[in-house]
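A.B. asks: With the input below, show me the fold.
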Amino acid sequence: MESVIKEADQTLTNLHNVFSAFKENQINKVPFKGSWSAGQLAMHMILSNGGFAEIINGSIDETSRPADKMVERIKQDFLNFDVKMDAPEDICPALKDYDQTRLLSKLEVIKKNITDAADQLDLTKTCKAFELPGYGYLTRLEAIYFIIYHTKRHTHQLKNILMHVNA
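C.D. replies: All right, here's what the predicted structure looks like:
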């Protein structure tokens with residue numbers, strides 16, 4: 001379990017560092033058609049990862065399968081950068097100007113909540129607060145890996161946005 005805590009911390013730190021690399025006047029620029037701005041992407045991560053932190057700390061049940069059964073599938077799905085995914089409406093960011101400092105602060109709070117949960121909770125329990133479409137109910141361990149791979153995917157996208165706004 002120590003490795004998942006370390007990977008979650010490192011992944012969330014990488015997101016923070018890449019987002020910090022933007023100048024304040026760049027975060028609300030849409031770099032190309034069909035893309036979010038860096039601010040919108042950061043808000044999406046706040047909505048998604050914040051929601052998962054709540055799910056991990058929410059109602060649970062015993063698990064009747066291997067606690068890591070869905071991890072490899074989640075990894076395959078989210079680290080396939082050739083596939084375009086559409087976010088569910090409830091975690092789509094508003095089209096507006098965002099404040100970088102506020103977003104960075106929220107990302108830090110969520111990182112602490114997730115790493116604390118990974119360190120303190122029984123990760124083999126099944127989260128019952130939300131059934132993830134296409135995956136079903138995840139264990140806490142799978143939910144943390146979902147956060148890791150989803151964040152890695154968007155960190156990759158954020159680097160691409162940074163490259164375009166710096167061009």
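
A.B. asks: And the strands in this structure, which stretches?
C.D. replies: 60-61, 126-127 (DSSP state E).

A.B. asks: Now tabulate these in JSON lines and tack on distance to residue 83, mean pLDDT and mean neighbour count.
C.D. replies: (Glycine included, C-beta is placed from N, CA and C.) Supplementary listing: the strands of the chain in JSON lines, determined by distance: least, CB to CB, whole Å; pLDDT from 0 to 100; neighbours: other CB atoms under 10 Å:
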{"stretch": "strand 60-61", "distance to residue 83": "31", "mean pLDDT": "98", "mean neighbour count": "15"}
{"stretch": "strand 126-127", "distance to residue 83": "25", "mean pLDDT": "98", "mean neighbour count": "22"}
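
A.B. asks: between those, which gets nearest to residue 40?
C.D. replies: Nearest to residue 40 among the strands of the chain is strand 126-127; the distance by CB to CB comes to 26.8 Å.

A.B. asks: list the helices and strands the top helix by length along the chain packs on?
C.D. replies: Longest helix in the chain by number of residues (criterion: DSSP state H): helix 140-166. Contact here means 3 or more CB pairs under 8 Å, 6 or more residues apart in numbering; DSSP states H and E; on that basis helix 140-166 packs against helix 2-20, helix 38-56, helix 71-78, helix 100-120, strand 126-127.

A.B. asks: how about those in JSON lines, adding distance to residue 162?
C.D. replies: Putting the helices and strands packed on helix 140-166 into JSON lines (distance: least, CB to CB, whole Å) gives the following:
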{"stretch": "helix 2-20", "distance to residue 162": "7"}
{"stretch": "helix 38-56", "distance to residue 162": "7"}
{"stretch": "helix 71-78", "distance to residue 162": "20"}
{"stretch": "helix 100-120", "distance to residue 162": "13"}
{"stretch": "strand 126-127", "distance to residue 162": "33"}
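
A.B. asks: Buried residues of the longest helix of the chain, list them for me.
C.D. replies: 140-155, 157-158, 161-162, 165 (16 or more other CB atoms under 10 Å).

A.B. asks: and the angle for it with helix 38-56?
C.D. replies: Compare the direction of helix 140-166 with that of helix 38-56 by axes from the mean of the first three to the mean of the last three CA atoms, to 10 degrees and you get 180 degrees.

A.B. asks: centre of the chain versus stretch 125-139, how much separation?
C.D. replies: 16 Å (CA atoms, centre = their mean, to the nearest Å).

A.B. asks: ditto for stretch 76-84
C.D. replies: Mean C-alpha position of stretch 76-84 versus that of the full chain (CA atoms, centre = their mean) differs by 14 Å.

A.B. asks: Could you do stretch 108-116 as well?
C.D. replies: For stretch 108-116, the gap between its own C-alpha mean and the chain's C-alpha mean amounts to 11 Å (CA atoms, centre = their mean).
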